[in-house]
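Chemist: model this:
(one chain, ligands or ions: 2)
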Amino acid sequence: ADVCSIYVRRADDSLELFATEGLSRAAIHRTRLSIEEGLVGWVARHRRPISLQEASKHEAFSYREETKEDPFNAFLGVPIVRSGQVLGVLVVQNIAKRDFSEEETEVAQTVATVLAEILSSGDLLEEDDLLDVEALLHKPEHASGTPIVSGIVQGVVALQNPPSAAHPTFAKDVAEEKTRLSDAVATVQKSVDNMMATDRGLEGASREVLEVFRLFAYDKGWVRRIEEKVLLGLSAESATEQVQAENRQRMRQVSDPYLRERLHDLDDLSRRLLRVLSGEEMNTNELPANAVYLADSLGPVELLELDASKLKGIVLAEGAATSHAAIVARSLGVPMISGAPEIVDRANFGDVIVMDGGTGEVHLRPPDTVITTFEDKAQLRLRRLAGYTALKDEPAITKDGVEIDLQMNAGLLLDMAHMDETGAGSIGLFRTELQFLLGRSLPTAADQETFYSQILDAANGRPVTFRTADIGSDKRAPYMRLLNETNPAMGWRGLRMAIDREGLMRTQIRALLSAAKGRSLRFMLPLVTTVHEIEEARLIIDKEKKRHEKRVGPLPTDIQMGAMVEIPSAAWDIKKLASHVDFLSVGGNDLAQFFFAADRDSEIVGNRYDPLAPSFLSFLKRTVQEAKSAGKPLGYCGEQAADPLMTLALLAIGVERLSVAASAIGSLKAMIRSVTFTRLRDEVLRLVEKGEATIRPELRAFAKFEGIEVR
Ligand code: PEP
Ligand code: MG
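Modeler: Ligands and ions are numbered 1, 2, ... in the order given. You can find the predicted model right below:
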């Protein structure tokens, strides 16, 4: 290169030319660009490299006479980043109009990481300048993430990847460092081999998954990338951390679940390597007390492995409310926020953090005033929750005597404890597919039977409605090789798949029949589209019943089969559907998604249509009335039922049975007890007739006027 310069970010967010070879030395400490200015500002703002043949042609280019950069054309700029903060920009320039290759960019990035270490270690800067960098690295941060599990917490940061033991950034002797790295890699490889030989270590892991894990441990590309950085002078630890950081960056961009799982494996390997390098014992993942766990993304198994007595909250860079980790966190009662990558990136182990899982607000290194506000909020919330506990044995009954059957959604053994805590009389939706998704391989009939027996034991006579596995669409595990469809939500999933893969359904029915021996059994079929599918499913189920009677013994005392109504075709045909089953359950999440043709997981369209739209409510009303006239009980079990205004609307159109997450039961019960049903019904029906895009604002105003406790 003809030019190499370093720009350092100052406390006022300007970028100061700090050192250069090739530009005019007179410009050092004189040239300052605001972060909004020039190509250097562009790199700092976008936090990614830029490579140009002719810098002056780029719209962001800003000319600074004092630098004497007129002769230079080609430009390569990379950000200098540490703990998620841009500390500066490294620039390389050439007279020739040339391209910078991918390798050259990578080398520049490696150099930038080294610079980041130097900048933050204070070796380069005067004390005053260092304060600027320190301030950048330790300033309070705030984010509004996506609320996933409610609850208010003040705690200390624990990181998914705890900082490895203190280690030097640079190697004293490159050759020696290279040997140290090779030895450590060999140790990790050996430990993975041992895991294979004894089949322990990764709980319940299938051999296939372990085999893939081993392939990665021996992956030349992975080791080579670390080695390259060692050859540039980094210590083995720093090199490993860097490759790990690059890997995580990639992880955020990959959406294929199988590939993501593999990238997680690589992350896991890096962690093992770091532990070996530091001489630490394997698997010491101690959480501090009052830990708020920060992670890029989190799998349900990893979450279950954390020490529940210390885990107080979770903040993720990404993850949806319906993700499996979210469902587990809800069961554990651990507040959770996702969509806060800046917090995850910028946190240091041990930092103070406060979060409100109900609103998505999270503050890192907060000032005292914020902490006090959160303490007040937490007190208020506790008082409210205590009020709900006092109601647990009371019925969910309106002031004018309409009693609502308030049931609980579940999917894990952990959930069952909440039946007693909330006073829920039954489980209205047990999502059996979670067992399929949490494991690393398909659960056997015996695994399933054991699990269902445990659930029924825990319910202790209270009814449990098992939903047969609803697999496909977003519910897929890495081991499942499903089709690659353009529209998986409308593709091969739920009952459609169950009918085609008879073995899957038969195994599950077999397990359910055996688990329920001597007791009654309730189950329902997911994603029913036509009556014909119920008939097909019944043939499969009947085969299993016959088999059970012949080979196992008497059938459960009573078998009730229901259908989920979550596709408009099924809702429209509900009378016919009703004649084929014992009960019906509306899955509002999917029903609304198909009614509005708007993907429930899409950020752009998912929230565009309110289920409180008169169109949807009148559609539901017809469905509820037809089910009633057919004489079949109908419940509502989508997550929307936990939205208090939606619950009010559902009651008004005649829904008498709701199944919601345990955490919503208390507030809904308190609300229902403050309602006068006839007045609510008349108002909602009037609003639905009126036909605005949503009845939400008017319904909220009505609730306020009536003194209904909407929380
Ligand atoms: C629904 O679709 O509303 C439902 C209850 O099922 P799930 O959320 O599991 O798709
Ligand atoms: Mg559904």
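Chemist: what pLDDT is listed against Tyr218?
Modeler: You'll see Tyr218 listed with a pLDDT of 79.
Chemist: try Thr198
Modeler: If you check Thr198, the pLDDT there is 59.
Chemist: one more: His138?
Modeler: In this prediction, His138 carries a pLDDT score of 81.
Chemist: can you tell me how far it is from Gly411?
Modeler: 41 Å (CB to CB, to the nearest Å). To be clear about C-beta, it is placed using only N, CA and C from the backbone, and glycine gets the same treatment.
Chemist: looking at those two, which is more packed in?
Modeler: Per other CB atoms under 10 Å, whichever of His138 and Gly411 has more neighbours is Gly411, with 23 against 15.
Chemist: is it true that that one touches Arg431?
Modeler: Yes: using CB atoms under 8 Å, Gly411 is in contact with Arg431, at 3.9 Å.
Chemist: list residues touching both of these two?
Modeler: When contacts are counted by CB atoms under 8 Å, 6 or more residues apart in numbering, Gly411 and Arg431 have Ile327 as shared neighbours.
Chemist: ok, Leu277 - contacts?
Modeler: By CB under 8 Å, 6+ apart, the contact set of Leu277 is Ser164, His167, Arg180, Leu181, Ala184, Ala236, Glu237, Thr240.
Chemist: against Arg271, how distant is it?
Modeler: Here the distance between Leu277 and Arg271 works out to 11 Å (CB to CB).
Chemist: I'd say Asp265 and Leu215 touch.
Modeler: No: contact between Asp265 and Leu215 fails when scored by CB under 8 Å: they sit 9.2 Å apart.
Chemist: settle it for me: which of the two has more neighbours?
Modeler: Taking neighbours as other CB under 10 Å, Asp265 and Leu215 compare with Asp265 leading, 19 against 12.
Chemist: what is Leu159 paired to in the beta sheet?
Modeler: Partner residues in beta bridges with Leu159: Leu294, with DSSP bridges as the criterion.
Chemist: doesn't Val78 belong to a strand?
Modeler: Yes: secondary structure of Val78, determined by DSSP: H, G, I helix; E, B strand; the rest coil: located in a strand.
Chemist: and the gap between it and ligand 1?
Modeler: 44 Å (CB to the nearest ligand atom, to the nearest Å).
Chemist: OK, contacts around that residue?
Modeler: Neighbour list for Val78: Val43, Pro49, Val89, Leu90, Thr105, Ala108, Gln109, Ala112 [criterion: CB under 8 Å, 6+ apart].
Chemist: one more time with 10 Å
Modeler: In this structure, Val78 makes contact with 43, 47-51, 89-92, 100, 105-113, 115, judged by CB atoms under 10 Å, 6 or more residues apart in numbering.
Chemist: show only the entries of those residues found in helices.
Modeler: Secondary-structure check on the contacts of Val78 using DSSP state H: residues within helices are Val43, Thr105, Glu106, Val107, Ala108, Gln109, Thr110, Val111, Ala112, Thr113, Leu115.
Chemist: looking at those residues, which has the most residues close by?
Modeler: Among the ones in helices among the contacts of Val78, Val43 has more neighbours than the rest - 27 neighbours, counting by other CB under 10 Å.
Chemist: roughly how far apart are the residue nearest to that residue when sequence neighbours are not counted and ligand 1?
Modeler: Taking CB to CB, 6 or more residues apart in numbering as the measure, Val43 lies nearest to Gly77, with 4.1 Å between them; neighbours along the chain are not counted. Spatial separation of Gly77 from ligand 1 under the definition CB to the nearest ligand atom is 46 Å.
Chemist: let's number from 354 now, not from 1
Modeler: Got it, first residue is 354 now, which makes that one Gly430.
Chemist: go ahead and confirm Gly430 touches Val356.
Modeler: No: proximity of Gly430 to Val356 does not meet the contact threshold set by CB atoms under 10 Å, at 11.3 Å.
Chemist: find the residues that touch each one of these two.
Modeler: Contact with both Gly430 and Val356 is made by residues Val444, Val445, Gln446, according to CB under 10 Å, 6+ apart.
Chemist: where along the stretch 854-1003 of the chain do the strands fall?
Modeler: Using DSSP state E, counting those that start in this stretch, the strands found in the stretch 854-1003 of the chain span residues 873-878, 911-918, 936-939, 987-989.
Chemist: for those, which one sits closest to Arg1053?
Modeler: The closest approach between Arg1053 and any of the strands of the stretch 854-1003 of the chain, judged by CB to CB, belongs to strand 987-989 at 20.2 Å.
Chemist: elements contacting the closest one?
Modeler: Using 3 or more CB pairs under 10 Å, 6 or more residues apart in numbering; DSSP states H and E as the contact criterion, the elements in contact with strand 987-989 are strand 756-763, strand 780-784, strand 911-918, strand 936-939, helix 967-982, helix 997-1005, strand 1010-1013.
Chemist: list the helices and strands the fourth one packs on?
Modeler: The one in question is strand 936-939. Packing partners of strand 936-939 (3+ CB pairs under 10 Å, 6+ apart): strand 817-820, strand 873-878, strand 911-918, helix 921-925, helix 927-933, helix 967-982, strand 987-989, strand 1010-1013.
Chemist: buried ones in the shortest one, by neighbour count?
Modeler: It stands for strand 987-989. Of the residues in strand 987-989, those buried under the neighbour-count criterion (16 or more other CB atoms under 10 Å) are Leu987, Gly988, Tyr989.
Chemist: what mean pLDDT does it get?
Modeler: 97.
Chemist: just stretch 926-936 next, same as before
Modeler: For stretch 926-936, mean pLDDT rounds to 97.
Chemist: tell me how far that stretch lies from the chain's centre.
Modeler: Taking CA atoms, centre = their mean, to the nearest Å, one finds the center of stretch 926-936 at 36 Å from the center of the full chain.
Chemist: Lys492 against Ala364, yeah?
Modeler: Yes: here Lys492 reaches Ala364: they are 9.4 Å apart, a contact under CB under 10 Å.
Chemist: scan this structure for its longest helix.
Modeler: In the chain, ranked by residue count with DSSP H as the criterion, the top helix is helix 527-551.
Chemist: quick check: which helices or strands does it pack against?
Modeler: Packing partners of helix 527-551 (3+ CB pairs under 10 Å, 6+ apart): helix 560-570, helix 573-584, helix 589-606, helix 610-631.
Chemist: that helix vs helix 610-631, what angle?
Modeler: Computed with axes from the mean of the first three to the mean of the last three CA atoms, to 10 degrees, the direction of helix 527-551 lies at 120 degrees from that of helix 610-631.
Chemist: buried set for helix 527-551?
Modeler: Buried residues in helix 527-551, counting neighbours by 16+ other CB under 10 Å, are found at Glu530, Arg533, Leu534, Ala537, Val538, Thr540, Val541, Gln542, Val545, Met548, Met549.
Chemist: run the chain-centre distance for it.
Modeler: The mean C-alpha position of helix 527-551 is separated from the chain mean by 32 Å, CA atoms, centre = their mean.
Chemist: what's the least confident helix or strand in this structure, going by average pLDDT?
Modeler: When each helix and strand of the chain is scored by mean pLDDT, DSSP states H and E, helix 560-570 comes last, with a mean of 68.
Chemist: now Asp935. Nearest residue, chain neighbours left out?
Modeler: The spatially closest residue to Asp935, leaving aside those adjacent along the chain, is Gln913, at 4.3 Å (CB to CB, 6+ apart).
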